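>>> Provided below are the primary sequence and the corresponding predicted coordinates.
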Amino acid sequence: MTKKPLLEIKNLHVHYITNEGTVQAINDLNLELYPGETLGLVGETGAGKTTTALAMMRLVPNPPGKIVSGEVLYKGKNLVEMKEADLRKIRGNQISMIFQDPMTSLNPIMTVGDQIREGIMLHQKVDKATATKRAMDMLEVVGIPMERYDEYPHQFSGGMKQRVVIAISLSCNPEILIADEPTTALDVTIQAQVLQLMENLKVEFDTSMLMITHDLGVVAKVCDHVAIMYAGTVIEHAQKHKLYRTPKHPYTIGLFESIPNVHETTERLKPIIGLMPDPTDLPTGCTFHPRCPHAMDICKVEFPEVTHLSDEHWVRCHLYPADKEVE
Amino acid sequence: MKKVMLEARELTKYFDVPGGKLHAVDKVNFQIHEGETLGLVGESGCGKSTTGRLLLRLLEPTSGDVIFDGVNITKLSQREFRKYRTQMQIVFQDPYASLNPRMSVAEIIEEPLLINKIYNNAADRAKRVKELMDTVGLAPRLLNVYPHELDGGRRQRIGIARALALKPRFIVQDEPVSALDVSIQAQILNLMDDLQDEFQLTYMFISHDLSVVKHVSDRIIVMYLGVIVEMAESQELFERRLHPYTKALLSALPVPSVDIETEPIILKGEITSPINPKNACRFAGRCAYRQDLCDQQQPELRELHPGHWVACHFAENLVQTEDIVVGGSLSHPDSTVTKPSQVIEEEPVTEVEQAKSEESNISK
């Protein structure tokens, strides 16, 4: 591969230690985010998408959460071992985040303008007047008239609030933007507005983006690469067209067959049998094997290693012989 | 075959809110035929759940009637209504909130049988509960567990078993799969399809998810701020969208494929308030084709093509504009409306465009 990832996660393990047992939220996860690209991180509830995002910024609540092992490399620096003070300079400044629910991620007793200005004041060495000016500019950038600077979040609609959150996250011109289900709480017509805005801004601000979602439609629309997560690990990672045209992992194939497509008439959906595994008691071997139509004996005992199928397409599945020489 | 089972006539529900009356459902008319699935789609706050509840009299309408099997059930006393209520059931959206956490699975499913005194001994009831659990795919060992011990998919199966307990003929499915992950969603959708065949059920399927609605429905109603804006056979609606809102809604739907390019119509403008709306098209504020008439008169729902109803003053003129917005790639091979995009240069649209630019000049 010629390109070097801007951010790379290597063999990450994150556990939550609770009274009911240890929740293995992230298990041997690998992920690569390339400069200027949008990576879609797709998975169902409990797959560990949000924990991955939090681990990237080392925001996993501790206790109960703990990054057990692994590396998060940002421009070659390992964020897992970085000093807290150094990390604070990166968070919100070089890597910033958009949370799922715009209704709860804004401070209800602070004007939206001040909330945008807060981040700018914190990270940029500018005086208050300059920061205010920049916050107003950011409002305009996301399509909100700057006259609304002094209004409070409750005066905005859901889509508008998410625009404010986007303005905050982009106010320091970050290198990486992590968007955790940014449009899930919004109606489709509003979602279309917000996605279009994000796409435009990504280009304008030259930002790389990690888009966390459960919606394969959203991924098809905005992403360049896709990582499919299951039970705390990425089981398939590919360039978007490769993943959509030739999905390889049985789980990925199952996902596509589960969704009704408006442009085709399917008499019957083909759901994946069974349920998501309990993260306190994961199956041995490949975590997908109890639900997999192609499960073999080896799947029950051995956790599959990464197999590179082609440039920009790898999978963790015993159906495909592992490449020994890589890594 | 097309026997009308249920009919809503001028069905209306206003809620009193500070500042006036919120028109949640405003004079809607539709019919549901025996054995069909009628999809009801729209965005949050459009009145789709309220409509579902009005049909079952879980909410009393402000005005209008619901006719079930030829009987006007809105006029019945609660006592008289009871025998109809057993024939009409509902599956709720949130399987976490719609089950009593202090009742076991068996108790939840048994409750309707008890209330309606279907069996006079416990053994028969228990047998029926087991039978229902088997029907919806719940293992017998779950008989005495509580809802919190189960995942969303299984909980929704409990909700379905409860709805089936009284052998209803009509079930309102109010966003039954919205809270579920796609792999589980597919399991539940298939189950409901099987049950419909097995028990000859009639469904009203309420959802905000167009792809799910398209998958399950025979006919579809699109609602916007309390009114029906379009109603047609499922296939017809997707091939020939007449209302600008339906067009926008469908174009905005992200398609899980890299081989279908869609260009979402980005709606601009403010959403009309549903509180004391004036006599105008409720979509006008966000509509790209708005003209003066749209602000002066609310369009009636009218049958533009056989079985295809639309509430838009200019629906005829907008038919041809389809291909501007979807770039032709959305077209179906069997579609009859797919026309080369030059067709859009026809006069009516130009008029609309003119009207639009004049309007924006005025507003400047």
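Thanks, I have the structure now.
>>> Now A:Glu199: which helix or strand?
helix A:188-205 (DSSP states H and E).
>>> Disregarding flanking residues, what is the spatial nearest neighbour of the residue of chain A found nearest chain B?
Chain A approaches chain B most closely through A:Gly217 (3.0 Å), counting by CB to the nearest CB. For glycine as for every other residue, the C-beta is placed from the backbone atoms N, C-alpha and C. Among residues not flanking A:Gly217 along the chain, B:Pro254 sits closest, at 3.0 Å (CB to CB, 6 or more residues apart in numbering or on different chains).
>>> ok now do that neighbour, which residues does it touch?
A:191, A:195, A:215, A:217-218, A:220-221, B:262 (CB atoms under 8 Å, 6 or more residues apart in numbering or on different chains).
>>> The same query, at a cut-off of 7 Å, please.
Under the criterion of CB atoms under 7 Å, 6 or more residues apart in numbering or on different chains, the contact list for B:Pro254 reads A:215, A:217-218, A:220-221.
>>> just A:Gly113 next, same as before
A:135-136, A:139, A:149-150.
>>> and it, what pLDDT?
Looking at A:Gly113, its pLDDT stands at 94.
>>> where's the host helix or strand of it relative to the chain centroid, distance-wise?
For A:Gly113, the host element (DSSP H and E) is helix A:112-123. With CA atoms, centre = their mean, to the nearest Å as the basis, helix A:112-123 stands 24 Å off its chain's centre.
>>> how about it: buried residues?
If you call a residue buried by 16 or more other CB atoms under 10 Å in any protein chain shown, then helix A:112-123 has these buried ones: A:112-121, A:123.
>>> Give me the phi and psi for residue 33.
Just so you know, I chose chain A. Backbone geometry at A:Leu33, expressed as degrees, to the nearest 10, gives phi -120, psi 120.
>>> I was thinking of chain B, sorry if that wasn't clear
Geometry field for B:His33 lists phi and psi as phi -90, psi 150, criterion degrees, to the nearest 10.
>>> for it, what are its contacts?
Here B:His33 is in contact with B:2-5 (criterion: CB under 7 Å, 6+ apart).
>>> again, only using 6 Å
Contact analysis of B:His33 by CB atoms under 6 Å, 6 or more residues apart in numbering or on different chains lists B:2, B:4.
>>> Could you list every helix and strand that whatever helix or strand the residue of chain A closest to chain B lives in packs against?
For A:Gly217, the element it lies in under DSSP H and E is helix A:216-222. Judged by 3 or more CB pairs under 6 Å, 6 or more residues apart in numbering or on different chains; DSSP states H and E, helix A:216-222 is in contact with strand A:38-42.
>>> So stretch B:209-222, near chain A or not?
Yes: residues of stretch B:209-222 contacting chain A under CB under 6 Å from any CB of the partner chain: B:211-212, B:214-215.
>>> closest to chain A among the residues you listed?
B:His215 (3.5 Å).
>>> tell me the residue furthest from the middle of chain A?
Of all residues in chain A, A:Ala129 has its C-alpha farthest from the mean position, at 34.2 Å, by CA atoms, centre = their mean.
>>> That one and A:Leu177: what is the separation?
27 Å (CB to CB, to the nearest Å).
>>> repeat for A:Leu197
Here the criterion is CB to CB. By it, A:Leu197 lies 12 Å from A:Leu177.
>>> Give me the more crowded residue out of those two.
A:Leu177 (23 against 18; other CB atoms under 10 Å in any protein chain shown).
>>> residues touching that one, list them.
Counting by CB under 6 Å, 6+ apart, A:Leu177 has contacts A:96, A:169, A:207, A:209.
>>> before we move on, what about B:Ala24?
B:Ala24 neighbours (CB under 6 Å, 6+ apart): B:13, B:15, B:47, B:50, B:226.
>>> residues from chain A in reach of chain B?
Counting by CB under 6 Å from any CB, chain A sits next to chain B at A:44-45, A:187-189, A:192-193, A:196, A:216-218, A:220-221, A:241, A:244, A:258-260, A:262-263, A:269, A:271-272, A:275.
>>> Please list only the buried members of these.
Buried among the residues of chain A next to chain B by 16+ other CB under 10 Å: A:44, A:187-189, A:192-193, A:216-218, A:220-221, A:244, A:258-260, A:262-263, A:269, A:271-272, A:275.
>>> Please state the offset of the host helix or strand of A:Gln162 from the chain centre?
Element membership for A:Gln162 (DSSP H and E) is helix A:158-170. In terms of CA atoms, centre = their mean, the centre of helix A:158-170 is set 17 Å apart from its chain centre.
>>> helices or strands up against it?
Under the contact rule (3+ CB pairs under 6 Å, 6+ apart), helix A:158-170 is packed against strand A:95-98, helix A:112-123, helix A:188-205.
>>> how about residue 216, what does it touch?
Defaulting to chain A. Contact partners of A:Leu216, counting by CB under 6 Å, 6+ apart, are B:Pro256.
>>> think we crossed wires, I meant chain B
B:Val216 makes contact with B:37, B:205, according to CB under 6 Å, 6+ apart.
>>> Okay, B:Val25 and chain A: tell me how far apart.
18 Å (CB to the nearest CB, to the nearest Å).
>>> Could you do B:Ile171 as well?
19 Å.
>>> May I see the buried residues of stretch B:117-126?
B:118, B:125.
>>> remind me which residues of the stretch 201-327 of chain A are low pLDDT?
A:323-327 (pLDDT under 70).
>>> What segments of the stretch 201-350 of chain B are strands?
Ranges of strands in the stretch 201-350 of chain B, per DSSP state E, counting those that start in this stretch, are B:202-207, B:219-224, B:227-233, B:302-305, B:308-310.
>>> circling back: which among the contacts of A:Leu177 count as buried?
A:96, A:169, A:207, A:209.
>>> All set now, cheers.
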